[in-house]
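**Student:** only geometry, no sequence info:
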């Protein structure tokens, strides 16, 4: 029994004629009849009853016709959807990331994706940490997570998309703003605007500072880089951020200056 057998049988039941279906499918009447006979051999019952003006399904034939018609309709819909997925004409891409990632890292890619796949939906879910992003991936609730790369995570494949140097963002009137270069010794005693302790970026930055022997005060914490830059612009502390953050999302007030860190500064931020 094949799907083609069932399709032909349903068509015969609807048309009430073997010859009509043969003409519709551009086949011989004998070939159409063979599909029906194969189904009758498989089921062990007679499925069609001949009448003077064509054929009608028997009681057993009506049972098979109704079940096959429902199944074929569902299969046809599924096959169309599969074709759309294969051609990129439907479906969804589910992405989890932090609150500012779309603005700073993904905007151009999102626009390009939408132009290429206008009928595919993009679903974004904000998580508060890399760990929660990984948990959502493992639970198969999402397709992709954009995170700051840390150590290996079991069951998760991580690929570096971009590596960025760290820069120090300070108020334009800060003494460090006039420097042409910022070395490790210059970071001692800074008032650091911290990221959350459970964030990968915050953890890596803290570890790098500790390894370099940098001691600084910290009485301000934020949840994202944009807020850190805003507070630095207001003169409320020093923000060490990936270079990509500068030039995007910063107000045009001229109140912010930045210096690239060097001389053994923290390693690049990888995303």
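**Tutor:** That came through fine. Keep in mind it's a predicted model, so treat the numbers as computed, not measured.
**Student:** and the helices in the chain?
**Tutor:** Taking DSSP state H as the test, the helices found in the chain are 3-15, 18-25, 29-43, 59-87, 101, 107-116, 130-138, 200-211, 225-233.
**Student:** need the contact partners of the shortest one.
**Tutor:** Just to be clear, that refers to helix 101. Helix 101 is contacted from outside by residue 146, using Cβ atoms under 8 Å, 6 or more residues apart in numbering. In this view, the C-beta of every residue, glycine as well, is placed from N, C-alpha and C.
**Student:** can you list the low-confidence ranges for the stretch 151-271 of the chain?
**Tutor:** Under the criterion pLDDT under 70, the flagged ranges of the stretch 151-271 of the chain are 197-198, 216, 244-271.
**Student:** mean pLDDT lowest where, among the helices of the chain?
**Tutor:** Across the helices of the chain, helix 101 has the smallest mean pLDDT, namely a mean of 75.
**Student:** what distance separates that one from the centre of its chain?
**Tutor:** On the basis of Cα atoms, centre = their mean, to the nearest Å, helix 101 sits 13 Å off its chain's mean C-alpha point.
**Student:** sorry, back to before: residue 49: which of the helices of the chain is closest?
**Tutor:** helix 59-87 (7.7 Å; Cβ to Cβ).
**Student:** ok so, going back, closest one to residue 192 among the helices of the chain?
**Tutor:** Counting by Cβ to Cβ, residue 192 lies closest to helix 200-211 out of those; the figure is 8.1 Å.
**Student:** mind listing what's buried in the closest one?
**Tutor:** Judged by neighbour count (16 or more other Cβ atoms under 10 Å), helix 200-211 contains these buried residues: 200-206, 208-209.
**Student:** over to stretch 181-196?
**Tutor:** Applying a neighbour-count criterion of 16+ other Cβ under 10 Å, one finds 182, 184, 186-187, 190-195 buried in stretch 181-196.
**Student:** same question for stretch 92-102.
**Tutor:** 94-98, 100-102.
**Student:** what's the span of that stretch from first residue to last?
**Tutor:** Between the opening and closing residues of stretch 92-102 lies a distance of 17 Å (Cα to Cα, to the nearest Å).
**Student:** roughly how far is it from the heart of the chain?
**Tutor:** Centroid separation for stretch 92-102 versus its chain: 7 Å, with Cα atoms, centre = their mean.
**Student:** returning to what we had before: quick check: the farthest pair among the buried residues of stretch 92-102?
**Tutor:** It's 94 and 100 that sit farthest apart of the buried residues of stretch 92-102, by Cβ to Cβ, at 19.0 Å.
**Student:** care to break this protein down by domain?
**Tutor:** Following the TED database, the chain resolves into domains at 3-73, 89-146, 166-260.
**Student:** dump those domains into TSV; add distance to residue 82 as well.
**Tutor:** Output for those, formatted as TSV (distance: least, Cβ to Cβ, whole Å):
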stretch	distance to residue 82
domain 3-73	15
domain 89-146	10
domain 166-260	37
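**Student:** how much space is there between residue 217 and residue 26?
**Tutor:** Distance of residue 217 to residue 26, computed by Cβ to Cβ, to the nearest Å: 84 Å.
**Student:** comparing the two, which residue is more hemmed in?
**Tutor:** Counted by other Cβ atoms under 10 Å, residue 217 and residue 26 do not tie: residue 217 has more neighbours, with 11 against 6.
**Student:** what bridges to that one?
**Tutor:** Bridge pairing for residue 217 (DSSP bridges) gives the partners residue 191.
**Student:** wait, it sits on residue 189?
**Tutor:** Yes. Between residue 217 and residue 189 there is a contact under Cβ atoms under 8 Å: 7.4 Å.
**Student:** just to revisit the earlier point, which one of the buried residues of helix 200-211 is nearest residue 21?
**Tutor:** For the buried residues of helix 200-211, the nearest to residue 21 is residue 200 (63.7 Å; Cβ to Cβ).
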